[in-house]
Every structure is written in C-alpha cells, then in structure tokens.
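A.B. asks: Need a 3D model of the sequence below.
(chains A and B)
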Amino acid sequence: MARFSVHFKTILTLSWRNLWRNRRRTAIMLGAISVGVWAMIFMTALMRGMVDDMLNQGIRNLPGHVQIQHPEFLDDPNVVNSIDEAQGDLLAALKDDGTRVWANRIRVPAVIASERESRGVNLVGIEPLSEAEITGLPGQIAAGRFLESNDDKGLVIGAKLAERLETRLGKRVVVMSQDPDNNIAERGFRVVGIYRAELAAQEEFNVYAARATLQKLLKIEGRVSQIVLVDDDYRDVEALYQRVAEAAPEGVEVKPWYEIDTYLAVMFNMMDGFVLVWVVIIFLALSFGLVNTLVMAVFERIREIGLIQALGMRPGLIVYQILLESLLLLLIGLFIGNLLALITIKPLEDGLDVSIVAEGMAMMGAGSVIYPNLSLYDVMLANVVVILLGILTSILPAWRASQLDPVRALNTH
Amino acid sequence: MRDVTLRMAWRNLWRHWRRTWLTVGAMIFSNGLLIFAMSLQFGSYDMMIDNSLQAYSGHLQLQHPRYLDEPKMRYAVDDITATGARLRRELGLESISARAAGFALASSEERSYGLQIIGVDPAREPLVSTLPGLVKQGRYLEPGVAGEIVIGAVLARNLKVKTGDELTFIGSGFDDSFAAGIVRVVGIFESGIADLDRALAQVDLAYFQEVFAMQERGHSLTVRAQHIDDVESLQAKIATLLDNNESTLLRHWDELQPGLRQAIQADMASNSFMYIVLIVLVAFSVLNTQLMSVLERTREFGTMMALGLQPGRLARLVMLETALMTALGLVLGIVVGLIINLYLSRVGFSYPGMDEVALKFNLPERIYPAISVASMTLGPAAVAVGSLLAALYPALRLYLLTPIEAMRAV
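C.D. replies: Model (predicted):
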C-alpha cells in the first residue's frame, strides 16, 4: 500500500499536468461537460418543480392522502353510496397521534339555481375546522366568510360560479339534489362566502356547505360520503394507509391517493425515469467528445508512452494514469456545471412565470408558476452517472494506450 | 481547382479516422435522437388536436359573441338552422351542424343527476363529431324524432338506466319558463373522455327547441373542415359570407379549447430546450475536433501559405472539411432516424404508464411518429448549422497565421 501511495502522488501529478498540456482542448471539453451537467440539473429542477406542483394541487383536491369510502362511490358518487361517520375502531385509529388531520365529508352531485341561472355542481359537505387544515380553503375566501361550524346554514361558492349564476354575497340560491329514496331534496341557502381557486374549473364546480346541514337536507343523518385523511408527506402514506385499512369496518374501501388518481401516480413514478433518461442522453452526447479527447491525448503521446514503458512503467499504471486524467476532467466539469446550475436556479426560486400557457398547464394539472425544485437526489444522480459512465467510456482508450508496443511506439513519427 | 480543395478536404478528414468518426458519431446520435423525438412529438400533437376536436368541439363554431365566456341560454344565435343550411350551400361543405345547449336535472327511477343536454341535428352531427359513432349500445338519434335521448356511458351507469328506459328532465327554458320532458334512452356512447361520458346527453334539435322554448334559435353552428390546415381559410370564407353580422362571432378551435394549443406550446418549449442542449453539445464536439486539427497542422498551413495560398483558401478548406463531416453525419443520422421511425410506425411507441397520461390528453395508448419532411430534417439541419458555426472559429483563426512563425511551430 505504501508503494501505491507513492505511485498515486506521481500519477496524480502526471495526470494533472497532462491535462493542461493542451489547454484549449481541455477548456473546450470542460465547456461541453459544464453545459451538459448544467442542462441535466436545470431541466430536472424545473420538471421536478412542475410535477411537484401538479401532485400537491392534485392531491389537495382529491382531497386527502388516504380516503375511506363506499366501494362504489368513486365510480358513482351518489348519496346512496355512503358510509357511517368515523366510529369505533376506526375512530380510535384516526385519533392515534400519527394521523395529522382527518375529516368526514359529504360529496354529492347537485343543481344550484339562482333567480337567473342553474348549473350542475359538486356539493361538498365539510367540517370547517378540520377542512381548514386539509384544503386551505379558508385562505382562498375572497369575500364574506368561511363556514364556521358543522351545522352552519351558509353556502360558500366560487367566484366563477357566482358570476355564472349572476348572484353575489348575501343572496339566496336554491340547491337541489336527491335523498337515498330518490326524492328531490331542496333547500335555500344564503351565500356567505365566495372563494377563488387556482384552477378556474374548481371555482365553477365545487360548492361548500356544512356537514350536518347537508346530512339533514339529504336525510342521511350519521352517514357521510368519505372520510379523508392527510399525513405529513404524500410521498410516504403507506403506514397511515395500513393502519387505517386494518381498523376500517367491513364494506368500506380504503384507498391511498395513488390508487385514486392514477394519472398523478404515473406522473409521480415517471419523474424518476424521466430524470434518468435525460441524464443518460446528455451523457451519451458528451461521451463522444470525451472519448475523442482521450484518444487524441493518447495519440499525441505515443512516443512518450513508449518511452516510459521502455523505462519500466507497467501497463496497469498507464491505464490508471489516463483514467485519472479523465476523472480530473470530469470532476472539474461537474464542479462548474453544478455551480452554473445553482447560479441559474437561485434567481428562479420565486417562481418562473409561465402564465402565457396557463390553460395548457391547467390541462396538465399544473399551476401557471413553476417553482424549480433542486433535489439532492437528482443532483447526486447526475453527478454519479457522469462519473461512472465517464470512467467506463474512458477505459477503452486507456487500455489501448497500455497495449502499445514500446519499440514501435518509440519509432512512430 | 475546386476539385483539388475538395479532394484535400476529404483526405484530411481521414488522417485521423477515429477522431472523425467520433465526431460524426456524435452527429449521428443527435440527429437520430432529434428525428425520433420530433416525429413522435409532431405525431402526438396531431393526434391530440384531432382527437380533442373531433370528439365534440369541431374546428370552428359560430356563436353569440358572449356565449364563449358566459355559456348562458339567452346568448343564442337566431335562425340557426337556416343559417346552417345557407352556409352548407354556399360553401359546398356538408360538415356544418347546428346545436343548442341547456342544463337540466335528469331523473331515472332511482337516481337524479344534473346534465348538459344538447339539441343536435342527427343527420349532420356525425359529420362534425365522433360521438355518434361511439354509441356502444343501442343506436344514435334519428332525424326529426322527438322524445329520444342518447347519453354517456358513465351517466347511464350512475342513473342506472339501459337503452329503452325512460328519463324525465327538468330545466329552465329560453324565456325562463319551466322546461320539462320525458325521453327514452335509445343509445349510450362511450368516448373515453370523462367530461363527455359523465355529463353529456343529446336529443333532436327541433325537440330541444320546442321544450326549451328556443323557437328557431340555437347556440352554435359547429364546423368541421376537411383538414386542420384548411381551418383558417374556411374561417375567412365564412366571415365574408356572414359579413356585417354583429350578432354572431366565429370562434376558432384555439378559442374553444385554449388549453390544447397552450399545452402544446408548453411541451414544445421544454422540448426545444432539450434539443438546443443536444445541438450545443454537438457543436462543442465539432469545435474541439476542428480546432485540434487546425492546430496540429500549423506547420503544414504555414508551408502552404509560404507557397502562395491565401488564408481564405485555407479557411475554406477547413470549412469544407467540416461541411463534409456534417454531411456525413446528416445523411447517416437521417438514415438512422428513418429506420427508427419506420420501425415505430409499425409497432408504435409507448412506455410504462403512458396509457394514463395519454388518456388525459385524448391520445391512444400507443403513439406513432409523424414521418414528414419537417420532422425528418429540422433537427439534422439545426445540428448542421450548429456544427458549421462552431467551425468558424478555427477557420477564421487562419487569417491570423503568419507563414514564418507557423513554419517554426512544433
């Protein structure tokens, strides 16, 4: 090992000096690696930011990281497909410290009518206190107030819907739905609050009333459509899901978000794949230049390599020296590339405004501002891929150099 | 003379055949990848537009000027059937269909749901929309028959009705009167587009006008052009036919489905970024190769200049070498791209989970590349331009060369 470290110092010096013998070539190659690495990280951070936003918004609108409902409810959101409010074992499990927030919810299709217009809406019965922690709805109230208790008699509607109905704060509207026996359930509500959402479609579609008020209207006392649960991080809901699934009574269905919205789940899973493909493609485009640089570096030094071989340097050390040269090149390139990425992402921290294509982003489920997400995992991935594959592609030119016949090499040129 | 430069350039290229092939290799890789990506991209855009517009909204819609932003019953177009007939006659285009839309609460024996109810012209609707063709159970509407309804599959499931069952619906009519009717479900369509399958129903237009007290009014004349490229010229033609008519406005599909064009633009922007990075990396490769090849020939170039060659000739030589290399990369790259495309146009392209994403954008589970002159050459052409630009620096350096010093260079 002692011999190794002596060698290492010499070889390192040799590699470092060799690297700078042809400054221009090294500089160009460094330029290419830096741009490549910058692009890997920059693009990934933007995409991550966009997909994170999609997931956050999407999951918040489901809402809940885990949902409990009637097995038929998702396909047929009718009042008959209801379940009991949380009670017994389930209630005990929910009150366990691990569940951050949970709430009973009613969700039924309904028709809302003002004096002028009527629209089909999604009537949501909420428990205002828990809901506040799940959806952030209270913060979106633009006029009036949010619901205050489980038997609040008011109605909160979106600004867009108010416009469509030609109604406003304080006015009365009629809400019609059906009870479990298919009798029309009808009731007048006063609009007590108007909210604004990021996606216009929600504003037009979701109408909020208090849970107990709706139970009375729909004649489903003690029953709800869903129980929604929110954990700390949507990426890690498995424990909560297992715990609730065990405690849930028979005949109800417990589902994590990724089974409810498969589009979101796919986006979530696909992101890692996308990052890897993007990094590898950029690396491949770089690899041609890298091999080229090494091949030329070896070519220029054929005589020299022949000479040191004749002087007794073993082929292994030649391979070693060239690989080290390539590694140094990669490391410097990575350093500059990472730095560039940091410098360019930093000013975008407050968000990159893409509202020009806002409706297109909405179609994908994302908002109109992208907040780049520079994740350590992605940065590590880019760096590790570049180093590993970089060394791998350098092996061939390095090995070829070590296989030179000293006599012939010395006689070249 | 020219011939000599060409021959020299060609031979110079192969003095370091490994280096040349590696540079050409970078070009082939990028060109193949660009062709692959762009063809799929264009292919999916075409499909996305076609599928989204064909299903329901059509290419153009003639509406009341305020209807798009406020789809209310009272923003209607007068004499819609007559206007439709006139346009069909004067344009010689059959695919123009009148519609009227309203909102109603529909009830079956067990269930009640709010739905969008559309009055259509059953004879013309199949020409502007694919929905009539997607009736999976029963049949589509018949012209002039009142009291029949066609509904979406999810709606049918939620209402728990089959073909032959009756539905009652109530809503409010044009004059705010009470509108109600009893209809028989004759067909159930399944489009795969959740919004349509969940909340759309169609009845005969004349019947709709009667029930909703619309008289001769409707809400849109939906126009489908022969081809998406004809939409703009058709729009201009219709605009002149309806000259000085301020009570209607012709809406382009961009306005009807603003998300579609913008989703494509957002996708294009992010893809362009990736393409540009690839092109820049190839340019670096070329810069590296050509600069090295010029530097190592300093002595040689010095001698040639001493023999009377102008620096311009030498610069042209270097540019010609680059051009030859680029041409090689271009041709082979296109060949590689074409092979990939031909293969994909037979088997299609898909990746795990793509079906979910595809559904969201009205795409099939497999996408097929659009092989066109544009998709096959845009990428390679950009790579070629990038490469030639990169070679300018080494080529222009030659103007700074002085023969004596150059000949002394090692």
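A.B. asks: can I see the domain layout of the chain?
C.D. replies: Defaulting to chain A. A:2-58+A:265-410, A:64-260 (automatic domain parsing).
A.B. asks: was after chain B, sorry
C.D. replies: Taken from automatic domain parsing, chain B resolves into B:2-53+B:260-408, B:60-256.
A.B. asks: what about the last one, average pLDDT?
C.D. replies: So the one you mean is domain B:60-256. Domain B:60-256 shows a mean pLDDT of 90.
A.B. asks: and the residue positioned nearest the centre of chain A, helix, strand or coil?
C.D. replies: The centroid of chain A falls nearest to A:Asp52 when counting by C-alpha atoms, centre = their mean (3.0 Å). Following DSSP: H, G, I helix; E, B strand; the rest coil, A:Asp52 is assigned to helix.
A.B. asks: Spatially nearest residue to it (excluding sequence neighbours)?
C.D. replies: A:Asn373 (5.3 Å; C-beta to C-beta, 6 or more residues apart in numbering or on different chains). Just so you know, the C-beta spots here come from the backbone N, C-alpha and C atoms, and that holds for glycine as well.
A.B. asks: ok, that neighbour touching A:Ala45?
C.D. replies: Yes - using C-beta atoms under 8 Å, A:Asn373 makes contact with A:Ala45 at a distance of 5.8 Å.
A.B. asks: These two - which one has more neighbours?
C.D. replies: A:Ala45 (24 against 17; other C-beta atoms under 10 Å in any protein chain shown).
A.B. asks: Which helix or which strand is home to residue 305?
C.D. replies: Defaulting to chain A. For A:Ile305, the enclosing helix or strand under DSSP states H and E is helix A:302-310.
A.B. asks: oops, chain B please
C.D. replies: Assigned by DSSP H and E, B:Met305 falls in helix B:298-306.
A.B. asks: Which elements pack onto the next helix or strand after that helix?
C.D. replies: As assigned by DSSP H and E, the chain's next helix or strand after helix B:298-306 is helix B:311-347. Counting contacts by 3 or more C-beta pairs under 8 Å, 6 or more residues apart in numbering or on different chains; DSSP states H and E, helix B:311-347 packs against helix B:2-13, helix B:17-52, helix B:258-295, helix B:298-306, helix B:373-397.
A.B. asks: Just put those helices in a markdown table and tack on mean neighbour count.
C.D. replies: Conversion of the helices and strands packed on helix B:311-347 to a markdown table gives the following (neighbours: other C-beta atoms under 10 Å in any protein chain shown):
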| stretch | mean neighbour count |
| --- | --- |
| helix B:2-13 | 13 |
| helix B:17-52 | 21 |
| helix B:258-295 | 20 |
| helix B:298-306 | 17 |
| helix B:373-397 | 19 |
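A.B. asks: who wins for proximity to B:Asp175 among those?
C.D. replies: Across those, B:Asp175 has its closest neighbour in helix B:258-295 (31.8 Å, C-beta to C-beta).
A.B. asks: anything in that closest one near chain A?
C.D. replies: Yes - residues of helix B:258-295 contacting chain A under C-beta under 8 Å from any C-beta of the partner chain: B:258-267, B:269-270, B:273-274, B:277-278, B:280-282, B:284-285, B:287-289, B:291-292, B:295.
A.B. asks: Flag the shaky bits of the stretch 101-250 of chain A, pLDDT-wise.
C.D. replies: Under the criterion pLDDT under 70, no range of the stretch 101-250 of chain A is flagged.
A.B. asks: Point out the residues in it that sit beside chain B.
C.D. replies: Within the stretch 101-250 of chain A, the positions near chain B by C-beta under 8 Å from any C-beta are A:109-111, A:113, A:116-121, A:163-164, A:176-178, A:182, A:184.
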